[in-house]
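# Need the 3D shape of this:
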Amino acid sequence: MYLNSHSYYSFKYGTINTKSLLEMMQQAGVKTFALTDINSTAASINFVRLASKFDIKPVLGIDFRNEADQLFVAVAQNNEGFREINEYLSQYLHGKEEIPPRAPEFQHAFVVYPFSKYTGFELKNLEFIGVKPKDLPKLVYPPHQMDSNKLVALPTATFRSKIDKTGERVVLKRDFNAHRLLRAIDNNTLLSKLPKAEEADPGDFIYPVDELREVYSAYPYMIENTERLLDQCRIHFDFEGENLNKNLKAFTDSPEQDYQLLEELCEKGLPYRYPNPSETIKNRIKTELDVIRQQGFMSYFLINWKLCKYAREKGYYYVGRGSGANSVVAYLLRITDVDPIELDLYFERFINLYRQNPPDFDIDFSWKDREDITEFIFREFQHGEGNNVALLATYSTFQFRAVIRELGKVLGLPPHEIEHIQGARFEDLDETQRLVLHYGQYIQGFPSHLSIHAGGILISEKPIHYYTATDLPPKNFPTTHFDMIVAEDIGLYKFDILSQRGLGKIKDSLEIIARNHPEDETIDIHDIPKFKCDDRIKGMLKEGQAIGCFYVESPAMRMLLKKLKVDEYLGLVAASSVIRPGVAKSGMMRQYILRFREPERRKEAHPILRKIMPETYGVMVYQEDVIKVAHYFADLTLGEADVLRRGMSGKYRSREEFQKVRDKYFENCRRKGHSYELSADVWRQIESFAGYAFAKGHSASYAVESYQSLYLKAYYPLEYMVATMNNGGGFYRVELYAHEAFMHGADIQAPCINQSEHLCTIYGNSIYMGFGFISELEQSTIEAILYERNENGVFMSFDNFMKRVPISLDQLSLLIRINAFRFTGIGKKELLWEAHFRLSNNKKSRPERMLFDPEVKRFRIPELSYDVLEDAFDQIDLLGFPLCNPFDILKDLPEEEVMVREMDQHRNKEVRMVGYLIHIKNTNTSGGKRMQFGTWLDREGHFIDTTHFPPMAAKYPFRGKGIYELHGKVVEEFDFLSLEMISMRKLQYIHDPRLAEEPRHSTMGPGLQKLSNT
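Prediction:
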């Protein structure tokens, strides 16, 4: 009955989610209807998947519009028709062009023009005129003058409806009001100024079928035509069974050839990975290849092999991780660098005969290289008719604070009132503010627009338009209208091509090391066996000295490494997963540490669990532990165990299947004689993994990259810190990495006109900050300086610079303030006067090439005072941090001060320490109260870790970046010392000497010792 229906995937227009729309249509007595979202197919696949549960035959279409102006509705007769209308819509979405008012001649799709837009043009075979209920009075032509076969009913289902007090069916006010607010947000206008043309008709609501027949009772042929049209429509997608996998079927010409190639590649890769392969290895390879062939996943492996091969040829660094690291075939193909035999990785976690979806490879590339890899995939894997490669979308949804802000704006509220709404009690709000809150809570969670998935790429057998229309975001790669979950439902499994700065650091480090130490032997960064045995790396791990190193530098990870005294690879692999929130929250992280440090405690584990997981002392640490425990402890099949594992990872929207497996788990445990208490405790551990735990292969892949970065830091700390800063830092801000370089003997220099590049550079032990780190210094200025210096040599003086580089006064002032002209020996204040004299009346200096340099007119400037700490305040303004020890700019230092090196002498005692704030971690207790963890540096540059329990966190809040006096109790847990906070206060810096009327004579001039470079 309905040819035109909208879900809330008609972005910033519709108000009903897909499931609710089906429920309401079922209640209205509808047996079939078309979902036709506005220029969107985001809900289409999921609509088809859900429809059978409501006993509704699904039909798909698109409501083609320019902005809110409806042109026509296209309804697909079949899957070919859906492809046609997807291709047509995509053409205009890609070109950002207006859609023409007349539809093309579709071969497999009906077109319905709204009655209000019909001007008497000749209708083609599959074209009709749609008459809304409000159009019926306008239908003045007798049937013999207008072809009755071409008229169809076009009630539009956009809103819910209700019966009002008079017995009339009207729109549900909440839906219509929410719609108007969404339209105002979309148009960035006040609600009071929203044009009526931008709104839907208030009559576009859902009628029950019997009422709809009554509305069109004078024109029964319209209902008949509509039903006949819908009867001709058939749409079908596989959501289970043999045809589920819709990825590219064959990498070569056929699956058989794919298998031959896969075998050949394994044989070629065997000597590289296993020079003397044992029978165990050979049998594992054969087992994996047999399963891969039975499941038809050869092309998936070969595509990943091809793009990794391309990356190696281009010199790109990458890390293959995820559950794919459990596969020895992936190891032989060099997709991963983790030996699954060495680690006893559970192959069934990765791929088994019960698993319908292909294996999951996450491949990380440097953030600088990923775009070229993406272009390679789009270029290399087009297949058949083409258009079968696309990026995967995600849905950006309205978050509560954002939607309150947007609603406040369209209702004309000032910013301070909007802020008030977000923090006030409902009874303290006025009527308009309550309206904002009411509709904010209603709209919260609605999809706002499409975004791009962090790394998902689809390579399908058929053109992607069989399943979805595509957008063309700024990166110019076609992007689907559906997300990862919908893609998996339909049998399209993503390739994860992710971006990671850690790999950029490794690559850049090797280049910087080669430049700064040309005499050293070339580093083989893939020689992981060598790194695993390195004593320096072992020492760094045990002491948590891993600042800058991938995945092991966070405060929590430093703490865990020190508690575990990790000094070997397997321990680091376990630590990488133990640190995840699920394991920590369940209390199993503490159990793991206790059993690691105190071997006698390992007997506390249940014998079955200890047998299943001997390496982790009966503690579930990895994702595949869920499968092992479910399979061996509770006798679930591997297929059921994988359902459990997927459910825990948050990939199921429906919990029905998961609930069945849960029930079977407890039933099987009861039958096996496990006590309910034991079964429930194991289940609690399983549940704690939800969405958090790593696969062991994933942790192992991370550990490989950790070892690479640890090696570079161990032997080339300065070069590695330069690479870290040049890649935007890591877990911490750039400032901490400059400090870490200083702690390893670097001389950190402010940017210099003759020494600095765009990024940081190193000469011996001297590190020069790059021009790109100076706030507000424009790219064009940096390029002009570097071009002129590279073409014509270093600058000999300030005059020489001014004659050669076009620059404005404000840009020149930035360079002077950061002391980039210090090589001239002229003070900053004198240079600023000089710059103003020269450029005060000009927008920019105009360099001219002359045979001889004309003499520049000189001005006599009186002697100006200079305080060395002026540089520190300029550096804070321009770099974000001082290059001296920040403790040097404290107004007063507390009389009592315990250093980090002295904490061991004050265990369980109250002390006062002074710390420079580095990082705050906010979290909540199980009771929902806020607590915090702080990371600081003491005056000597060593780390202080603090714990702020809820009472202290509430009473003594952090007050921004700076130095604090910390009063707390020194506590120890597993040899790790930290400060349990009692109170804290922020200390004041000296008065800014740049603003002082009188200089601080006692500190004028050089001579302040650089203690750290934080």
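# What are the contacting residues of the host helix or strand of Arg83?
Following DSSP states H and E, the helix or strand that holds Arg83 is helix 79-95. For helix 79-95, contacts defined as Cβ atoms under 8 Å, 6 or more residues apart in numbering pick out 39, 41, 44, 60-62, 64, 74-76, 98-99, 103-104, 106-109, 235-237, 463, 465-472, 478. Every C-beta, even on glycine, is put in place using the N, C-alpha and C of the backbone.
# Next one: Trp683 relative to Gly548, how far apart?
As judged by Cβ to Cβ, to the nearest Å, Trp683 and Gly548 stand 40 Å apart.
# what's the answer for Gly968, then?
27 Å.
# So if I had to pick from the two, which one is more boxed in?
Counted by other Cβ atoms under 10 Å, Gly968 and Gly548 do not tie: Gly548 has more neighbours, with 27 against 21.
# ok, which stretches of the stretch 601-750 of the chain are helices?
Taking DSSP state H, counting those that start in this stretch as the test, the helices found in the stretch 601-750 of the chain are 607-612, 623-628, 638-648, 656-672, 676-687, 696-715, 717-726, 734-743.
# okay, the ones you listed in TSV with distance to Glu267, mean neighbour count and mean pLDDT next?
As requested, the helices of the stretch 601-750 of the chain are exported to TSV (distance: least, Cβ to Cβ, whole Å; neighbours: other Cβ atoms under 10 Å; pLDDT from 0 to 100):
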stretch	distance to Glu267	mean neighbour count	mean pLDDT
helix 607-612	34	16	87
helix 623-628	28	24	81
helix 638-648	29	21	73
helix 656-672	40	15	84
helix 676-687	40	16	86
helix 696-715	23	26	91
helix 717-726	38	27	96
helix 734-743	45	24	96
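# Compare these and give me the one nearest Tyr207.
helix 656-672 (31.5 Å; Cβ to Cβ).
# Show me what that closest one packs onto, helices and strands only.
Using 3 or more Cβ pairs under 8 Å, 6 or more residues apart in numbering; DSSP states H and E, the elements in contact with helix 656-672 are helix 638-648, helix 676-687.
# Go again with 6 Å.
helix 638-648 (3 or more Cβ pairs under 6 Å, 6 or more residues apart in numbering; DSSP states H and E).
# which helices and strands does the helix it packs on pack with?
Looks like helix 638-648 contacts helix 623-628, helix 656-672 (3+ Cβ pairs under 6 Å, 6+ apart).
# Send me that helix as PDB with only the CA atoms.
Provided in PDB are the C-alpha atoms of helix 638-648 (Å, rounded to 0.1, in the frame of the first residue of the first chain):
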ATOM      1  CA  LEU A 638      33.200 -24.700  18.200                       C
ATOM      2  CA  GLY A 639      30.400 -23.000  16.300                       C
ATOM      3  CA  GLU A 640      28.500 -22.200  19.500                       C
ATOM      4  CA  ALA A 641      31.700 -21.100  21.200                       C
ATOM      5  CA  ASP A 642      32.400 -18.700  18.200                       C
ATOM      6  CA  VAL A 643      28.900 -17.300  18.600                       C
ATOM      7  CA  LEU A 644      29.800 -16.600  22.300                       C
ATOM      8  CA  ARG A 645      33.100 -15.000  21.300                       C
ATOM      9  CA  ARG A 646      31.400 -12.800  18.700                       C
ATOM     10  CA  GLY A 647      28.700 -11.900  21.100                       C
ATOM     11  CA  MET A 648      31.200 -10.800  23.600                       C
END
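# Against Lys542, how distant is Leu564?
9 Å.
# Then Ala872?
Ala872 is 36 Å from Lys542, by Cβ to Cβ.
# who's more crowded, the two?
Set side by side, Ala872 and Lys542 show more neighbours around Ala872, with 23 against 16, by other Cβ under 10 Å.
# And for the closest residue to Arg501 other than its chain neighbours, the neighbour number?
Nearest residue to Arg501 in three dimensions, chain neighbours excluded: Asn727, at 4.6 Å (Cβ to Cβ, 6 or more residues apart in numbering). When neighbours are defined as other Cβ under 10 Å, Asn727 has 24 of them.
# My understanding was that Asn727 contacts Gly502; is that so?
No - taking contacts as Cβ atoms under 6 Å, Asn727 lies outside contact range of Gly502: 8.0 Å.
# Type out the PyMOL command that picks the buried ones from the contacts of helix 79-95.
One line in PyMOL is enough to select the buried ones among these; burial here means 16 or more other Cβ atoms under 10 Å:
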select buried, resi 39+41+44+60+61+62+64+74+75+76+99+103+106+108+109+235+237+463+465+466+467+468+469+470+471+478
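# out of the contacts of helix 79-95, which are inside helices?
By the criterion of DSSP state H, membership of the contacts of helix 79-95 in helices covers Ser44.
# Would you enumerate the residues in contact with the residue nearest to Arg501?
Going by Cβ atoms under 6 Å, 6 or more residues apart in numbering, Asn727 touches 501, 504-505.
# Alright, that wraps it up for me.
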